[in-house]
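the following comprises the amino acid sequence and a computationally predicted model.
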Amino acid sequence: MPSLIVLLTDFGLEDEYVGTMKGVITGINPKAQIVDLCHNVAPQDILEGAYILYSSYKYFPPKTVFVVVVDPGVGSERRIICLRTKSHTFLAPDNGILGLVLTKERPTFLVDVSNKKYFLPEVSATFHGRDIFAPVAAHLSLGLNPSKLGERLEKIKEIALPRPMQLPGGILRGEVIHVDRFGNLITNINHGLVSGIPEILSITIGDNKIYRLSRSYQDGRPGDLLALFGSSGHLEIAINQGSAKERLNVSRGEKVTIRYRK
Amino acid sequence: MPSLIVLLTDFGLEDEYVGTMKGVITGINPKAQIVDLCHNVAPQDILEGAYILYSSYKYFPPKTVFVVVVDPGVGSERRIICLRTKSHTFLAPDNGILGLVLTKERPTFLVDVSNKKYFLPEVSATFHGRDIFAPVAAHLSLGLNPSKLGERLEKIKEIALPRPMQLPGGILRGEVIHVDRFGNLITNINHGLVSGIPEILSITIGDNKIYRLSRSYQDGRPGDLLALFGSSGHLEIAINQGSAKERLNVSRGEKVTIRYRK
Amino acid sequence: MPSLIVLLTDFGLEDEYVGTMKGVITGINPKAQIVDLCHNVAPQDILEGAYILYSSYKYFPPKTVFVVVVDPGVGSERRIICLRTKSHTFLAPDNGILGLVLTKERPTFLVDVSNKKYFLPEVSATFHGRDIFAPVAAHLSLGLNPSKLGERLEKIKEIALPRPMQLPGGILRGEVIHVDRFGNLITNINHGLVSGIPEILSITIGDNKIYRLSRSYQDGRPGDLLALFGSSGHLEIAINQGSAKERLNVSRGEKVTIRYRK
């Protein structure tokens, strides 16, 4: 059975870019099953793309081919890589966007995508999504062995993703890495980081202090400010039936501090 | 043949939420055919979701499984229900969102979705779309009998949807329940309510009076304010080649009054 | 094998309109493969729709059925046409929206879509996308010969699309016809128009002058203003890692002037 192709881009839905990629894919694999993961990653925002992929990839069936095109370096000498893990295949620019997935998964195969045989005959300098990513993904979904795509690589590029810091005196400091449609502020502090802590004293964001962890957005009363571990296993700041983004007027990068008893 | 799965949510397209649901569905039913009805219902807006479902469901083929996730109560004790009518299956939180469909359709089967066998192994408190709705829908699309999902129920929760009122003296008063992309103001006054009226004298919205019904958005001249029964059979206020929302500066809830000769 | 159906509309994704069309299509052709090209064409903007179709259609496989519903005249006496080229089938209102495709392709068959047998039984005056375009497209995807749809036509309606002008003294003047999500300003000057020019002296937009053509968005340094031929073969004004739309504060219709040595 041909594999599922999942698209994650910053192309938005106002232009022909995503549709054109699907045209190319369907021309090569007429039975391709294509799922849109998200196309509204902020333009050229590698961290946001990395988070969206990280929080969803494991819900897709084995052999899924993920096509990730958040690619500020298109047209430069940046590489395109094809990376396999035990279950999935990832096709992406080598710009660090697979970095969060690789905190959970071990690569089993990594290749520099360079074999023009699997590209469109004419490759523009501005739209590799159409001219390289789409046709290569279609061939992969038909079962092409990634070793045909180019030279094996030893390692991918790493980017400095913001990581939470342990500070002296029982302090853990992270930051908001994604704001979702509901205004929930999702941080880079995942459940594993706090699971050994005996007691959380407070969670601070801006001038706001929260003194307990909630279980769902329904905790307390409408309008209450909440901290909870959300569906991706990360600490979120939320408002019961409201938008934390609007109430606190914060955006990505805002610091979040946990004080705890050691 | 597996059934069509139709998704209606308030998840938006800025996050991974909708894509993740499709990953879960495809993992259980690799041949699932999934159609997006709409994901831009205003966050937690049950009435808007109810209207969008109501105005479209009957255009889908028999056996379609509708998955409706506008769910302000996620994580609380609200139930999830599976409701069957003669032609379709609906999976939704028990929060009244099926209320408008049920003005047209009679339930033939109703069940409290609680059998964890058809959920993901781990159910979060914040994303039942992924952990409950998606896997249950996938099983239904494969032909699962809804009686396996849980206890039969006698009735669903009703919410107070705004209903048009007949007032003394030949007055019918309704309100705007949806504003579409073109700025058309769609009311809760459907064609049946006025079909017995011999003559409409005026239609009032804010300070504006309209004295006749139009047949299409092309009636009169560009810029003319129009009242017509639109594609869902409901009274709409529109502007020929313009946006009634912008011109009249009104939003959902605005009153619309029909005066008629009895 | 049933053909691919590609949808291009100005319906947006906030309403049930696109989803309802898919319901109708799937009811007639349960195996229909449907691709969204774009639904965010500005409301009733025929030129933008024409550009999006023109810059993508040739990337879709042979026999694709394109369904184009940017239709300010819905409900008036405007015709709906079905036009075939050597490779593709186009279903569209006869309002000029196929005009840019027809600068590249020759029609092989043209018909006035009027045979009610292939419409929904009840046709509204406001939503022909659902009641005419969707069912006709589904029948075409099943192999229906377009000659069954109505009378043959000799020619389609032309609209005055803005065309670049050659002015005396080595001047070529065009304009911005589309602004994409990244803020790139795409003009109606295509590569063919300048391919015979020995030397470009300057490219002017507003108060800004650019003295050379770039190859990709990566040319020069971040923040540099660039002119390049983009993925559709048209001249674009762009900013390295930025938005030309925001920096120059211009929109569609802005003039772009090339001065060249003859």
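Done, it's in. Here the structure is a predicted model, which is why all the values come from computation and not from measurement.

the helix or strand A:Pro135 falls within packs against which elements?
Using DSSP states H and E, A:Pro135 maps to helix A:134-141. Packing partners of helix A:134-141 (3 or more CB pairs under 8 Å, 6 or more residues apart in numbering or on different chains; DSSP states H and E): strand A:4-9, helix A:17-28, strand A:65-69, strand A:80-84, strand A:89-93. In this view, the C-beta of every residue, glycine as well, is placed from N, C-alpha and C.

quick one: contacts of that helix?
Residues from elsewhere that reach helix A:134-141, judged by CB atoms under 8 Å, 6 or more residues apart in numbering or on different chains: A:2-5, A:20-22, A:24-29, A:32, A:65, A:67, A:80, A:82, A:89, A:91, A:113, A:118-120, A:146, A:149.

quick one: mean pLDDT over that helix.
Average pLDDT, helix A:134-141: 98.

so how far is that helix from its chain's centroid?
Helix A:134-141 sits 21 Å away from the centroid of its parent chain (CA atoms, centre = their mean, to the nearest Å).

for the stretch 151-262 of chain A, which residue gets nearest to chain C?
Going by CB to the nearest CB, chain C is nearest to A:Arg181 of the stretch 151-262 of chain A, at 13.0 Å.

and for the stretch 1-150 of chain A?
For the stretch 1-150 of chain A, CB to the nearest CB, closest residue to chain C: A:Gly75, 2.5 Å.

wait, that residue sits on C:Gln218?
Yes. If you go by CB atoms under 8 Å, A:Gly75 and C:Gln218 touch, sitting 4.8 Å apart.

hmm, back to that, can you name the element that comes right after the helix holding A:Pro135?
Under the assignment DSSP H and E, the closest C-terminal helix or strand after helix A:134-141 is strand A:165-167.

check which element follows that next one along the chain.
The C-terminal neighbour of strand A:165-167 among helices and strands, as given by DSSP H and E, is strand A:171-179.

so for the helix or strand following that next one, mean pLDDT?
Downstream of strand A:171-179, the next assigned helix or strand under DSSP H and E is strand A:185-190. Strand A:185-190 comes out with an average pLDDT of 95.

chain center to strand A:185-190, what's the gap?
Worked out by CA atoms, centre = their mean, strand A:185-190 lies 13 Å from the chain centre.

anything in it near chain B?
No. Judged by CB under 8 Å from any CB of the partner chain, strand A:185-190 and chain B are separated, with a smallest distance of 9.3 Å.

so what strands line up beside that strand?
strand A:171-179 (antiparallel), strand A:234-239 (antiparallel) (DSSP bridges).

so which of those comes closest to A:Glu14?
Closest approach to A:Glu14 among these (CB to CB): strand A:171-179, 20.5 Å.

how far off centre is that closest one?
Per CA atoms, centre = their mean, the centroid offset for strand A:171-179 relative to its chain is 16 Å.

enumerate the residues of the stretch 151-262 of chain A near chain B.
A:178, A:180-182, A:215-218, A:228, A:230-231, A:241, A:243.

out of those residues, which end up buried?
Burial by neighbour count, judged by 16 or more other CB atoms under 10 Å in any protein chain shown, picks out A:His178, A:Asp180, A:Arg181, A:Phe182, A:Ser216, A:Tyr217, A:Gln218, A:Leu228, A:Gly230, A:Ser231, A:Gln241, A:Ser243 from these.

in this structure the second one contacts B:Leu13, no?
Yep, that's A:Asp180 we're talking about. No. With contact defined as CB under 8 Å, A:Asp180 does not count as touching B:Leu13 (11.5 Å).

intersection of neighbour lists for the two?
Common neighbours of A:Asp180 and B:Leu13 (CB under 8 Å, 6+ apart) do not exist.

so, low pLDDT: which residues of the stretch 151-262 of chain A?
Scanning the stretch 151-262 of chain A for pLDDT under 70 picks out nothing.

picking that back up, look up how far B:Ser124 lies from the residue of the stretch 151-262 of chain A closest to chain C.
A:Arg181 sits 17 Å away from B:Ser124, going by CB to CB, to the nearest Å.

which stretches of the stretch 1-150 of chain A have low pLDDT?
A:1-2.

who in it is up against chain B?
Contact residues (CB under 8 Å from any CB) of the stretch 1-150 of chain A with chain B: A:1, A:4, A:6, A:8, A:13, A:33, A:35-40, A:52-53, A:55-56, A:59-61, A:64.

can you tell me which of those residues are in strands?
The strands, defined by DSSP state E, take in A:Leu4, A:Val6, A:Leu8, A:Gln33, A:Val35, A:Asp36, A:Leu37, A:Cys38 from the residues of the stretch 1-150 of chain A next to chain B.

what's the neighbour count on the residue lying closest to the first one once chain neighbours are set aside?
Read that as A:Leu4. Leaving aside its chain neighbours, A:Leu4 sits nearest to A:Thr64 (4.6 Å; criterion: CB to CB, 6 or more residues apart in numbering or on different chains). Neighbour count for A:Thr64, taken as other CB atoms under 10 Å in any protein chain shown: 22.

cool, A:Leu167 as well?
11.

these two touch, right, it and A:Arg173?
Yes. A:Leu167 lies in contact with A:Arg173 (CB under 8 Å); the separation is 5.9 Å.

for chain A, give the residue positioned nearest to chain B.
For chain A, CB to the nearest CB, closest residue to chain B: A:Ser216, 2.5 Å.

so who does A:Tyr17 touch?
Residues near A:Tyr17 by CB under 8 Å, 6+ apart: A:Thr9, A:Phe11, A:Phe127, A:Gly129, A:Arg130, C:Asp180, C:Arg181.

quick revisit: checking the residue of chain A closest to chain B next. Helix, strand or coil?
Following DSSP: H, G, I helix; E, B strand; the rest coil, we place A:Ser216 in the coil state.

what's near enough to touch it?
A:Ser216 makes contact with A:Leu228, B:Val74, B:Gly75, B:Ser76, B:Ala125, B:Thr126 under the criterion CB under 8 Å, 6+ apart.

doesn't the fourth one lie inside a helix?
No. The assignment for B:Ser76 by three-state DSSP gives coil, which leaves it out of any helix.

so what's the residue count around it?
13.

leaving out sequence neighbours, find the closest residue to it.
A:Gln218 (4.2 Å).

where's that neighbour relative to B:Arg79, distance?
As judged by CB to CB, A:Gln218 and B:Arg79 stand 14 Å apart.

show me which residues of the stretch 51-200 of chain A sit near chain C.
Residues of the stretch 51-200 of chain A lying close to chain C by CB under 8 Å from any CB are A:Pro72, A:Gly73, A:Val74, A:Gly75, A:Ser76, A:Ser124, A:Ala125, A:Thr126, A:Phe127, A:Arg130, A:Asp131.
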